[in-house]
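[1] turn this into a structure:
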Amino acid sequence: MRIANQAQFCGKIVAVSISIDEKFPQIAYNIPKARFTMPQTIYIADDEENIRALMKAFLSREGYEVEVFSDGDALLRAFEAKKADLVVLDIMMPGTDGLSVCSALRATSPNLPIIIVSAKDSPLDRVAGLTLGSDDYMAKPFLPLELVARVKALLRRVSAQTEQNAQKAESQKEIKVGSLSIFPLVPRALVKGEEIHLTSAEFSFLSHLARNAGKAVSRKELLHEVWQIDWESDTRATDDLVKRLRKKLREKDENLKIETVWGFGFRLEVVAGEKANGE
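    Have a look, this model is predicted:
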């Protein structure tokens, strides 16, 4: 089956033509295949069959798993059964219109990337789409390769945000090293169940050492990551703070030890029967 459509490129209307076989889609453009280990799922709702097929062909070629629907209600039912990683919506469709579908999806999936594609191209239409929860708005006709690029950009952004959220959640978990418990979110530090009172700098320093317990942490890393101090300006800015921390830890548990790694930095360890030294 051969499908032809028009797209806008560099301000001109150009013909887009692709050949589709039911089993093995072949696309006229030489687009490199994507390298996804687990295909991301994209749902498309558009009442124009040729537009649906056009978008599916280009996105499938990039390695995405694409499901198409002729109306928004069918997409909502499918999404309820199985979530998608991204949704593409036309506005003017039979049944529930695309803006209402967008609003419904956003209510249940606040982080879902949504792209609206529509022949309605007035500023008010764009504002309405973005206000109701879409992340992007493309006016028809459009170049299919532009849609592919926007899909990739949105999914990259979501992936980066997900990773950042995971790292943040991990950093806020309780950190335990021997009898020491650190709660970064509160913030609070306990030794043998008793709170130790720390300044903000002491807490940040001890937390960073605890996350890397048993490993040597360089002065450079501590200065940059904990205090954002220039490494060249003061290489011994941590010494007084370490002495105070050693004293506070030793008063609660002599087995909690901040070792000096000479010429490098510091290491937090639990050493039974030994007092903290290197002071």
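
[2] quick one: the helices in the stretch 1-150 of the chain?
    Ranges of helices in the stretch 1-150 of the chain, per DSSP state H, counting those that start in this stretch, are 49-61, 72-81, 98-108, 123-131, 144-171.

[3] what strands flank the helix or strand just after the longest one, and is each parallel or antiparallel?
    Where DSSP states H and E defines the elements, the next helix or strand beyond helix 144-171 is strand 175-177. Strand pairing for strand 175-177, using DSSP bridges, gives strand 180-183 (antiparallel).

[4] what comes into contact with whatever helix or strand comes next after the partner strand?
    Toward the C-terminus, strand 180-183 is succeeded by strand 188-191 as the next helix or strand (DSSP H and E). Strand 188-191 is contacted from outside by 179-183, 195-196, 198, 203, 206, 249, 252-253, 256, using CB atoms under 8 Å, 6 or more residues apart in numbering. Placement of C-beta: from N, CA and C, glycine included.

[5] please redo it, this time with the cut-off set to 6 Å
    Strand 188-191 has contacts (CB atoms under 6 Å, 6 or more residues apart in numbering) with 179, 180, 181, 182, 196, 198, 252, 253.

[6] closest to residue 38 out of the helices of the stretch 1-150 of the chain?
    Closest of the helices of the stretch 1-150 of the chain to residue 38 is helix 144-171, at 12.2 Å (criterion: CB to CB).

[7] returning to what we had before: nearest to residue 43 among the helices of the stretch 1-150 of the chain would be which one?
    Between residue 43 and these, the shortest separation by CB to CB is 5.3 Å, and it involves helix 72-81.

[8] make a ChimeraX selection of the buried ones in the contacts of strand 188-191.
    Burial among these is assessed by 16 or more other CB atoms under 10 Å; the matching ChimeraX selection reads:
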select :179,180,181,182,196,198,252,253
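
[9] and which of the contacts of strand 188-191 is nearest to residue 150?
    Using CB to CB, those come closest to residue 150 at residue 182, 42.5 Å.

[10] count of residues packed around the closest residue in space to that closest one that isn't next to it in sequence?
    Closest residue in space to residue 182, ignoring its immediate chain neighbours: residue 175 at 4.2 Å, by CB to CB, 6 or more residues apart in numbering. Residue 175 is flanked by 19 other residues according to other CB atoms under 10 Å.

[11] test my guess that residue 175 contacts residue 184.
    No - under the criterion of CB atoms under 6 Å, residue 175 makes no contact with residue 184, lying 7.0 Å away.

[12] against residue 93, how distant is the closest residue to residue 49 other than its chain neighbours?
    Using CB to CB, 6+ apart and skipping the chain neighbours, the partner closest in space to residue 49 is residue 70 (7.5 Å). Look at residue 70 and residue 93: by CB to CB, to the nearest Å, they are 8 Å apart.

[13] and the two? Which one has more around it.
    Neighbour tally, residue 70 and residue 93, criterion other CB under 10 Å: the higher count belongs to residue 93, 23 against 17.

[14] list the residues that contact the more buried one.
    For residue 93, the contact set (CB under 6 Å, 6+ apart) comprises 47, 71, 72.

[15] residues near the second one, how many?
    As a burial measure, the neighbour count of residue 71 was computed by other CB under 10 Å and equals 18.

[16] list the contacts of it.
    Counting by CB under 6 Å, 6+ apart, residue 71 makes contact with 93, 94, 95.

[17] is the residue lying closest to residue 227 once chain neighbours are set aside within a helix or a strand, and which one?
    Distance criterion CB to CB, 6+ apart; nearest residue to residue 227, sequence neighbours excluded, is residue 201 at 6.7 Å. Using DSSP H and E, residue 201 sits within helix 200-211.

[18] how distant is the helix or strand just after that helix from the center of its chain?
    Using DSSP H and E, the helix or strand that directly follows helix 200-211 along the chain is strand 217-218. Distance, stretch centre to chain centre, for strand 217-218: 28 Å (CA atoms, centre = their mean, to the nearest Å).

[19] out of the contacts of strand 188-191, the closest to residue 243 would be?
    Nearest to residue 243 out of the contacts of strand 188-191 is residue 198 (CB to CB; 13.7 Å).

[20] and that closest one, that's in a strand?
    No - according to DSSP: H, G, I helix; E, B strand; the rest coil, the state of residue 198 is coil, so it is not within a strand.
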